[in-house]
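>>> I'd like to go over a predicted model; first the sequence, then the structure.
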Protein chains: 2
Amino acid sequence: MSFSPLIRQLIDSLRILPGVGQKTAQRMALQLLERDRSGGQRLAQALNAAMEGVGHCKRCRSLSEDEVCQLCLDERRDDSLLCVVEGPMDVHAVEQTGFRGRYFVLKGHLSPLDGLGPEAIGIPELLERIEAGAFSEVILATNPTVEGEATAHYIAQILAGKGLVASRIAHGMPLGGELELVDGGTLAHALAGRRPISL
Amino acid sequence: MSFSPLIRQLIDSLRILPGVGQKTAQRMALQLLERDRSGGQRLAQALNAAMEGVGHCKRCRSLSEDEVCQLCLDERRDDSLLCVVEGPMDVHAVEQTGFRGRYFVLKGHLSPLDGLGPEAIGIPELLERIEAGAFSEVILATNPTVEGEATAHYIAQILAGKGLVASRIAHGMPLGGELELVDGGTLAHALAGRRPISL
């Protein structure tokens, strides 16, 4: 009641952002109005430009305003490695590790209960991409969740039929983690995946 | 490097929002692009409309797109009480308590070190507002910080010279707080401000 209609509308619109509730949205709206109107206008322009201009790279299916994204066009990258992930944010995460192969971005993971089968998440496009390329290894970097594992397993089975090497990112203890705090499943994976110490 | 220019621009623009760092901005940008483009466009429109349309109520100085805001126009409110606060967010907070008098919104608090004197925070306008009204009491609801106290004290001194009653919101234990966790200053105020228990 105590905010005027335009401010209420702004607060409601800000709430679509992930992690932003009523109180945070109020603080954001009033701070923009009180302290940074030009910043608010720049944000509006950036939103408009991105919502209208950004599509999907036709090669890796990641978000990009170009028909083929910069990562796919980069000629210095390794054309023999393909990393398959569940979303564009994962590309960014893997990129931070120094990986310099190619990517393919699924639309999430297989989830039969939600009606998301292989077609819905873009597995036919993945297979096309693999056939068009010359990959020696396909790294399945879906999330280590039940659905992510199932998705990796499904893709690995198809690739095995084509004689291609599919690998899965390792499971184990996160760096800096503590044995007593980590869940049993992770610790079991860490034990089963133990390696000889090279001295 | 791994985001395209329009996405990078959107991420940078989102970072002007209070409490939003690089990682949160990335998550917001990608979520809007992947799941809610129409929501993103509505947000852009709401931002534009608010940044351009919202000004300050000429009576209470709160944010409003009308020349005089709805709270000031509401005839059912008590014209004898004026509540002075530091910002528009505070109006909303006081409004939640059920207070139904009038408001005046300062531009923050006195802060001589930052060059913010009485003119900068709108004290002349406050005095004009008080003279134009017929208030029997002015409630100084600036924040209980050193600067807020100094601001309240400064205004109270001026009002005393005009024979007006100025009151200050009470300091004490917040409801649900614990004695052993509250700071010494607050506890001292709570003790000094003790009241007889009415049975």
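Received it, and whenever you're ready, just let me know what you need.
>>> List the buried residues for stretch A:67-81?
Buried positions in stretch A:67-81, judged by neighbour count with 16 or more other Cβ atoms under 10 Å in any protein chain shown: A:69, A:71-72, A:81. C-beta coordinates here come from the backbone N, C-alpha and C atoms, glycine included.
>>> contacts for whatever helix or strand residue A:40 lives in?
Using DSSP states H and E, the element containing residue A:40 is helix A:37-53. By Cβ atoms under 8 Å, 6 or more residues apart in numbering or on different chains, the residues outside helix A:37-53 that reach it are A:32-33, A:65, B:6-7, B:9-10, B:12-14, B:16-17, B:29, B:32-33, B:37, B:40-41, B:43-45, B:47-48, B:50-52.
>>> list the buried ones in that helix?
Quick answer for helix A:37-53 (16+ other Cβ under 10 Å): A:39-51.
>>> Report the angle between it and helix B:37-53.
150 degrees (axes from the mean of the first three to the mean of the last three Cα atoms, to 10 degrees).
>>> Can you identify the element that follows helix A:37-53 toward the C-terminus?
strand A:55-56.
>>> where does the residue lying closest to residue A:58 once chain neighbours are set aside sit relative to residue A:197, distance-wise?
Distances taken as Cβ to Cβ, 6 or more residues apart in numbering or on different chains place residue A:67 nearest to residue A:58, at 5.7 Å, with adjacent residues excluded. As for residue A:67, its distance to residue A:197 is 48 Å (criterion: Cβ to Cβ, to the nearest Å).
>>> my guess is residue A:22 contacts residue A:8, does it?
No: contact criterion Cβ atoms under 8 Å: residue A:22 and residue A:8 do not qualify, at 10.9 Å.
>>> neighbour count winner among the two?
residue A:8 (16 against 11; other Cβ atoms under 10 Å in any protein chain shown).
>>> Got phi/psi on that one?
Residue A:8 adopts backbone torsions of phi -60, psi -40, taken as degrees, to the nearest 10.
>>> next one: the one 5 residues further on
Backbone dihedrals for residue A:13, given as degrees, to the nearest 10, come out at phi -70, psi -40.
>>> Give me the number of neighbouring residues for it.
22.
>>> ok, now residue A:121?
Neighbour number of residue A:121 under other Cβ under 10 Å is 21.
>>> Verify the stated contact: it with residue A:112.
No: taking contacts as Cβ under 8 Å, residue A:121 lies outside contact range of residue A:112: 11.2 Å.
>>> any idea where the strands of chain A begin and end?
Applying DSSP state E to chain A gives strands spanning A:55-56, A:63-64, A:81-85, A:102-105, A:137-140, A:165-168.
>>> what about the first one, near chain B?
Yep, that's strand A:55-56 we're talking about. No: judged by Cβ under 8 Å from any Cβ of the partner chain, strand A:55-56 makes no contact with chain B; its nearest approach is 9.5 Å.
>>> Please name the strands paired to that strand in the sheet, noting orientation.
Applying DSSP bridges, strand A:55-56 is found paired with strand A:63-64 (antiparallel).
>>> any residues touching the helix or strand bottoming out on mean pLDDT in chain A, and which ones?
Each helix and strand of chain A was given a mean pLDDT (mean pLDDT, DSSP states H and E); the minimum falls on helix A:184-192 at a mean of 85. Residues from elsewhere that reach helix A:184-192, judged by Cβ under 8 Å, 6+ apart: A:171-173, A:179, A:182.
>>> Which of these fall within helices?
When DSSP state H defines the helices, the subset of those inside them is empty.
>>> OK, contacts around the residue lying closest to residue A:165 once chain neighbours are set aside?
Residue nearest to residue A:165 in three dimensions, not counting chain neighbours: residue A:137, with 4.8 Å by Cβ to Cβ, 6+ apart. Going by Cβ under 8 Å, 6+ apart, residue A:137 touches A:80-82, A:164-167.
>>> Restricted to buried residues, select those residues in ChimeraX.
Per 16+ other Cβ under 10 Å, the buried members of these correspond to this ChimeraX selection:
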select /A:81,82,164,166
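>>> how about the contacts of residue A:137, which pair is most distant?
Between any two of the contacts of residue A:137, the greatest separation by Cβ to Cβ is 13.7 Å, found for A:80 and A:166.
>>> Take the buried residues of stretch A:67-81 and lay them out in CSV including distance to chain B.
Below are the buried residues of stretch A:67-81 laid out as CSV (distance: Cβ to the nearest Cβ, whole Å):
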residue, distance to chain B
A:69, 6
A:71, 6
A:72, 11
A:81, 16
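>>> Mind checking which of those residues land in helices?
Using DSSP H, the buried residues of stretch A:67-81 in helices are A:71-72.
>>> Low-confidence ranges, chain A, go.
A:1 (pLDDT under 70).
>>> Residue A:114: neighbour count?
Other residues close to residue A:114 by other Cβ under 10 Å number 11.
>>> how much space is there between it and chain B?
14 Å (Cβ to the nearest Cβ, to the nearest Å).
>>> Residue A:129 too?
In terms of Cβ to the nearest Cβ, residue A:129 sits 18 Å off from chain B.
>>> can you pull the contacts of that residue?
A:59-60, A:82, A:104.
>>> possible to save those residues as a markdown table with distance to chain B?
Converted to a markdown table, these look like this (distance: Cβ to the nearest Cβ, whole Å):
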| residue | distance to chain B |
| --- | --- |
| A:59 | 13 |
| A:60 | 11 |
| A:82 | 16 |
| A:104 | 14 |
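>>> just the residues you listed now: which is nearest residue B:108?
residue A:60 (49.2 Å).
>>> hang on, that closest one packs against residue A:70?
No: taking contacts as Cβ under 8 Å, residue A:60 lies outside contact range of residue A:70: 10.5 Å.
>>> mind listing what residue A:122 touches?
Counting by Cβ under 8 Å, 6+ apart, residue A:122 has contacts A:61, A:105-107.
>>> can you put these in JSON lines and add distance to residue B:132 and neighbour count?
As requested, these are exported to JSON lines (distance: Cβ to Cβ, whole Å; neighbours: other Cβ atoms under 10 Å in any protein chain shown):
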{"residue": "A:61", "distance to residue B:132": "64", "neighbour count": "21"}
{"residue": "A:105", "distance to residue B:132": "62", "neighbour count": "24"}
{"residue": "A:106", "distance to residue B:132": "65", "neighbour count": "24"}
{"residue": "A:107", "distance to residue B:132": "61", "neighbour count": "15"}
